[in-house]
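Trainee: sequence first, then the predicted structure, then my questions.
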Amino acid sequence: MGAFTQERLLKVILAPVISEKSTRLADKLNQVVFRVLPDATKQEIGAAVADLFKVEVVGVQVLNVKGKVKRSGRVTGRRDNWKKAYVTLKQGQDIDFASGQ
């Protein structure tokens, strides 16, 4: 996983996804959910999480989220599509977003 540049790894992860489902996954399956670049690969995402948060990544699952169709009066528009990554961490490790790490 060392073939990726440091600059690219810093750009791959956009934000953590904080929701009831992601909190439950963190507790039960030791998974963390991130919003990532649409062209990011599983290998890049795993390397970025391991590098940024100093944890061991066991696996990565990705999901393309389709943008919702929204309307304001007569005008309809569409939100952008985005990519979500479920990152499984090694047992006993976690990422605490509340402490600001």
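Mentor: Thanks, I have it.
Trainee: tell me where the model's unsure across the chain.
Mentor: 1-2, 98-101 (pLDDT under 70).
Trainee: tell me which helix or strand comes right after the longest helix along the chain.
Mentor: Counting residues, the longest helix in the chain under DSSP state H turns out to be helix 42-53. For helix 42-53, the following helix or strand on the C-terminal side (DSSP states H and E) is strand 57-65.
Trainee: that following strand vs helix 42-53, what angle?
Mentor: 120 degrees (axes from the mean of the first three to the mean of the last three CA atoms, to 10 degrees).
Trainee: coming back round to it: touching the longest helix of the chain from outside, list them.
Mentor: 1-2, 4, 6, 8-10, 12-13, 32, 34, 36, 40, 55-57, 59-62, 85, 87, 95, 101 (CB atoms under 8 Å, 6 or more residues apart in numbering). From N, CA and C alone the C-beta is placed, and that goes for glycine too.
Trainee: distance of the residue of the chain most remote from its centre from Lys11?
Mentor: Distance from the centre of the chain peaks at Arg74, with 34.6 Å (CA atoms, centre = their mean). Going from Arg74 to Lys11 by CB to CB, to the nearest Å gives 38 Å.
Trainee: and Phe97, by the same measure?
Mentor: If you go by CB to CB, the gap between Phe97 and Lys11 works out to 19 Å.
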